[in-house]
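> have a look at this fold, sequence not included:
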Ligand SMILES: Nc1ncnc2c1ncn2[C@@H]1O[C@H](COP(=O)(O)OP(=O)(O)OP(=O)(O)O)[C@@H](O)[C@H]1O
């Protein structure tokens, strides 16, 4: 117990005490501790309540909850305060883009969600990841670049919406569940999109990215077309991506294609943030039994082989599919569910990986590149 009374302490002494406690906090999203990260923004003692405010450069609400749980009692003991008032603020860093491409107006970071093969749950992962980034504290958008199967509007229950254009050139994004969205699915029918050839499809996507009036966004999630063909390569080379997430299922056949995806991104210098293993384990909705119907361990092996991370493992569960079909993704419709906790953890890992693996661009040159 510290012998000095809380009111006699200088602000510097108090700050040093709090910084010392925070420095010991460990979390999977912290490569360096909070004090080294200079995250401690404000400390004050008012009426025997200790006020602690953190300012984080990547979304961190789940980590913050763990911090409060782990450190509150230590802080009370060390400082003699009667209560701790915690506050988390974000000032999301803009990170260096591939090939120093100029940015998109208002968009700080672009995360490409990709898969080597169709049907592994790339769009499902992209939508729930985007909503989980919001739940973690960010401003987020999603661009459906899956030209051959634009499913995002349906997954968000917004398939009947149409973007408007205030000036005949730019599009106002559709807002759905707090996400700013645009999709080729809002503009053309599925049948029309299917016949688009590669160059036309890439051009349309680049246009949608650049000509949407995105509000200020910390992260724009890009749901890429599945596969590793010309269109994906063109997009990977030309879009100002910050990093890519590769979605796979545990089957060997999907893993072979996921490997191709990693190689493709490495070839064009897009940092691969890691792998998401979707349908990792089937959870029976009747009895809760877990069964690894597609096998185990493959995605971890792949991540090890390519020196990347296994960012998360999402179960195969009927609720996830039903919620998407109903246009109410689980992360938004069941915020307290175990699935939402898993997606939020994934979002925290993706944001942390992006930050620690990247290079921060100073705010004055990061914004409003056009
Ligand atoms: N973890 C999961 N649990 C249950 N159902 C899932 C899960 N992930 C995806 N699905 C379901 O599987 C189907 C395919 O998912 P999705 O459309 O996300 O795949 P995709 O990889 O984006 O496909 P494509 O790239 O070919 O468009 C959807 O009906 C979706 O609801």
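Alright, I've got the coordinates. Being a predicted model, the structure only gives us computed values, none of them experimental.
> hang on, residue 237 in a strand?
No. Residue 237: not assigned to a strand; according to DSSP: H, G, I helix; E, B strand; the rest coil it is helix.
> the closest residue to it other than its chain neighbours and the ligand: what is the separation?
Closest residue to residue 237 apart from its sequence neighbours, by CB to CB, 6 or more residues apart in numbering: residue 268 at 5.0 Å. All C-beta spots, glycine's among them, are computed from the backbone N, C-alpha and C. Between residue 268 and the ligand the distance is 20 Å, computed by CB to the nearest ligand atom, to the nearest Å.
> check residue 268 and give its pLDDT.
Here the pLDDT value assigned to residue 268 is 87.
> start the count at 31, not 1, going forward
Got it, first residue is 31 now, which makes that one residue 298.
> what about it, how many residues nearby?
Burial measure for residue 298: 17 neighbouring residues, criterion other CB atoms under 10 Å.
> so it sits against residue 262, correct?
No. At 9.8 Å, residue 298 and residue 262 do not qualify as touching, with contact defined as CB atoms under 8 Å.
> interface residues of this structure facing the ligand?
145, 148-154, 176, 179, 181, 256, 308-309, 344, 346-347, 350-351, 354 (CB under 6 Å from any ligand atom).
> what pLDDT is listed against residue 129?
79.
> tell me the contacts of the residue lying closest to residue 187 once chain neighbours are set aside?
Residue nearest to residue 187 in three dimensions, not counting chain neighbours: residue 357, with 2.3 Å by CB to CB, 6+ apart. Residue 357 makes contact with 184-189, according to CB atoms under 8 Å, 6 or more residues apart in numbering.
> now residue 236
Counting by CB under 8 Å, 6+ apart, residue 236 has contacts 265, 268-269.
> make TSV from those residues and add neighbour count, distance to residue 317 and pLDDT to it.
Putting the contacts of residue 236 into TSV (neighbours: other CB atoms under 10 Å; distance: CB to CB, whole Å; pLDDT from 0 to 100) gives the following:
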residue	neighbour count	distance to residue 317	pLDDT
265	24	43	85
268	17	49	88
269	23	44	89
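> could you report the neighbour count for residue 371?
For residue 371, using other CB under 10 Å, the count is 15.
> could you point out the helix or strand that follows the strand or helix carrying it?
Per DSSP states H and E: residue 371 is located in helix 368-387. Once the chain leaves helix 368-387, the next helix or strand it forms, by DSSP H and E, is strand 390-391.
> this protein: helices as residue ranges?
Listed in chain order, the helices of the chain (DSSP state H) span 41-53, 91-109, 152-165, 182-185, 214-217, 220-224, 228-241, 260-268, 282-297, 328-335, 348-355, 360-363, 368-387, 393-396.
> mind listing residues that contact the fourth one?
Contact partners of helix 182-185, identified using CB under 8 Å, 6+ apart, comprise 153-154, 156-157, 172, 174, 176, 189, 191, 204, 211, 213, 215-216, 253, 354-355, 357, 359.
> what stretches of the chain score poorly on pLDDT?
Scanning the chain with the threshold set as pLDDT under 70 gives 31-37, 219-228, 323-325, 393-400.
> can you do 80?
Scanning the chain for pLDDT under 80 picks out 31-39, 129, 177-179, 218-231, 282-284, 311-328, 392-400.
> can you list the domains in it?
36-120, 124-396 (automatic domain parsing).
> now the longest one: how far from the chain's centre is it?
If I follow you right, that is domain 124-396. Put simply, domain 124-396 sits 9 Å off its chain's centre (CA atoms, centre = their mean, to the nearest Å).
> cool, the first one as well?
When C-alpha coordinates are averaged (CA atoms, centre = their mean), domain 36-120 and its chain have centres 25 Å apart.
> same thing with stretch 110-123?
The answer for stretch 110-123 is 22 Å, by CA atoms, centre = their mean.
> so for that stretch, first residue to last residue, what's the gap.
One end of stretch 110-123 to the other measures 35 Å (CA to CA, to the nearest Å).
> residues in contact with that stretch?
Outside of stretch 110-123, the residues within contact range by CB under 8 Å, 6+ apart are 31-32, 35-36, 71-72, 75, 78-91, 94, 97-98, 102, 105-106, 138-139, 167-168, 248-249, 385, 388, 390-391.
> ok, now stretch 254-268?
Under CB under 8 Å, 6+ apart, the answer for stretch 254-268 is 128-129, 131, 142-150, 152, 175-178, 228-229, 231-232, 235-236, 274, 287, 290-291, 293-295, 298, 300.
> done for today, thanks.
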